[in-house]
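Novice: I need the structure of the sequence given here:
(one chain, ligands or ions: 1)
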Amino acid sequence: MLFTKMHGLGNDFVLVNCFEEKLDLEQAPALAARVCDRYLGVGADGLILLLPADNGDVNMRIINSDGSEAEMCGNGIRCAAKYLYERGLVKKDKIQVQTLAGMIIPELTIESGKVKLVRVDMGEPRLERPEIPMEGPPGKVINEPLLVDGKTYHVTAVSMGNPHCVIFVPDAEMVALREVGPCIEKHRAFPNKTNVEFIQVLSRQEVIMKVWERGAGETMACGTGACASAVASALNGHTGRRVTVHLKGGDLLIEWAENNHVYMTGPAEEVFTGEYPV
Ligand SMILES: N[C@@H](CCC[C@H](N)C(=O)O)C(=O)O
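Specialist: Here you go, the predicted model:
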């Protein structure tokens with residue numbers, strides 16, 4: 001299988017062009033776990049498959065490093081958009097990408113034939129509890145107490161197609177991510193598990209985010225997580241609707257526009273190409 005290793009702010013992926021490579025999709029979870037292994041495989045947070053779409057330009061599937069499939073991936077879709085444009089597979093600067101979270105539209109900034117930045121219309125955030133999904137009575141989950149291993153966290157739940165649990169903290173550096181992250185990811189309140197974001201508010205326009213991803217653990221960045229965190233920050237009155245999110249791997253600009261769509265702007269990089277035995 002020919003593949004391309006890419007990353008968005010250090011959130012890294014193995015991309016496979018399934019217009020060319022004929023993969024058995026039923027084997028994709030096992031393949032993802034093998035290829036993403038940082039010791040025995042290529043090493044990545046997820047496997048991205050680009051497939052022919054029945055609606056739109058391309059169908060993107062994202063499988064986490066543990067083999068579980070996610071509905072969407074913000075950093076991954078910027079990588080996919082760059083790949084499709086620079087390989088000439090799509091010849092326009094606005095691409096319609098079919099995902100399990102619906103149609104997502106990346107828009108490219110191109111300089112000398114290369115993609116510099118990608119601005120993605122990530123669609124509307126979903127806030128009602130069953131849409132996350134999260135156990136409990138109907139309504140939105142904004143700054144609500146959640147008991148985790150005897151400690152109470154105040155959580156705001158946002159779905160960007162995939163579930164996010166956002167927690168505001170005074171100092172993101174002090175969070176014991178590897179201890180608390182997996183407990184919240186697998187908390188019984190989240191029947192489909194959840195991504196977990198810890199947010200330190202710096203100002204009305206800037207936050208620091210640490211993320212524990214469902215199915216992948218700690219990553220250097222999470223695009224859908226940054227969008228969910230920006231929405232949660234505005235809902236809790238901590239920031240306005242345009243926020244720079246500082247992540248371990250760099251910055252994302254997130255805007256929750258008046259039309260209720262969330263726009264994410266950031267880079268994507270190609271690292272290398274290779275061949276992997278399947
Ligand atoms: N890193 C991604 C999100 C990947 C999927 C996530 N782990 C999930 O299971 O929902 C991003 O940039 O959005």
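Novice: tell me the residues of the protein that contact the ligand?
Specialist: Applying Cβ under 6 Å from any ligand atom, we find that the chain lies next to the ligand at 11, 46, 62, 64, 70, 73-76, 162, 195, 213-216, 219, 222-225. All C-beta spots, glycine's among them, are computed from the backbone N, C-alpha and C.
Novice: per-residue confidence at residue 56?
Specialist: Predicted confidence (pLDDT) for residue 56: 96.
Novice: for it, what are its contacts?
Specialist: By Cβ atoms under 8 Å, 6 or more residues apart in numbering, the contact set of residue 56 is 96-98, 103.
Novice: returning to that earlier point: so which of the residues of the chain next to the ligand are in helices?
Specialist: Secondary structure from DSSP state H places 74-76, 223-225 of those in helices.
Novice: neighbour-wise, which of the residues you listed leads?
Specialist: The most neighbours of any of these, using other Cβ atoms under 10 Å, belong to residue 75, which has 36 neighbours.
Novice: please name the bridge partners of the closest residue to that one other than its chain neighbours.
Specialist: Excluding the flanking residues, the one nearest residue 75 by Cβ to Cβ, 6 or more residues apart in numbering is residue 8, at 3.0 Å. On the basis of DSSP bridges, residue 8 is bridged to residue 11.
Novice: who touches residue 8 in this structure?
Specialist: Residue 8 touches 74-76, 78-79, 221, 223, 249, 266-269, counting by Cβ under 8 Å, 6+ apart.
Novice: ranges for the helices of the stretch 1-150 of the chain?
Specialist: For the stretch 1-150 of the chain, the helices defined by DSSP state H, counting those that start in this stretch cover 28-36, 74-86.
Novice: most packed of these?
Specialist: Highest mean neighbour count of these: helix 74-86, a mean of 27 (counted as mean count of other Cβ atoms under 10 Å).
Novice: mean confidence for it?
Specialist: Taken as a whole, helix 74-86 has an average pLDDT of 98.
Novice: quick check, distance from it to the centre of its chain.
Specialist: Distance of helix 74-86 from the chain centroid (Cα atoms, centre = their mean, to the nearest Å) equals 13 Å.
Novice: got a list of what the closest residue to residue 193 other than its chain neighbours touches?
Specialist: In space, and not counting its chain neighbours, residue 193 is closest to residue 214: 4.8 Å by Cβ to Cβ, 6+ apart. Shown in contact with residue 214 (Cβ under 8 Å, 6+ apart): 64, 68, 70, 162-163, 185, 193-195.
Novice: one more time with 7 Å
Specialist: By Cβ atoms under 7 Å, 6 or more residues apart in numbering, residue 214 lies in contact with 64, 185, 193-195.
Novice: next one: residue 114
Specialist: Going by Cβ under 7 Å, 6+ apart, the list of residues near residue 114 reads residue 86.
Novice: that one pairs with what?
Specialist: As for beta bridges, residue 114 partners with residue 111 under DSSP bridges.
Novice: out of the contacts of residue 56, which is most surrounded?
Specialist: In terms of neighbours by other Cβ under 10 Å, the contacts of residue 56 top out with residue 97 at 24 neighbours.
Novice: burial of residue 180, as a residue count?
Specialist: When neighbours are counted by other Cβ under 10 Å, residue 180 registers 18.
Novice: tell me who's in contact with it.
Specialist: Counting by Cβ under 7 Å, 6+ apart, residue 180 touches residue 148.
Novice: can you tell me the SS state at it?
Specialist: Residue 180 carries the three-state label helix when classified by DSSP: H, G, I helix; E, B strand; the rest coil.
Novice: for the ligand, see how far away it is.
Specialist: Distance of residue 180 to the ligand, given as Cβ to the nearest ligand atom, to the nearest Å: 17 Å.
Novice: pLDDT at that residue, what is it?
Specialist: So, for residue 180, pLDDT stands at 98.
Novice: separation between it and residue 276?
Specialist: In this structure, residue 180 and residue 276 are 34 Å apart, going by Cβ to Cβ, to the nearest Å.
Novice: repeat for residue 234
Specialist: 42 Å.
Novice: out of the two, which sits in the busier spot?
Specialist: Using other Cβ under 10 Å as the criterion, residue 234 and residue 276 rank with residue 234 on top: 18 against 15.
Novice: residues touching that one, list them.
Specialist: Contacts of residue 234 by Cβ under 7 Å, 6+ apart are 240-241, 256.
Novice: right, I'll call it a day here.
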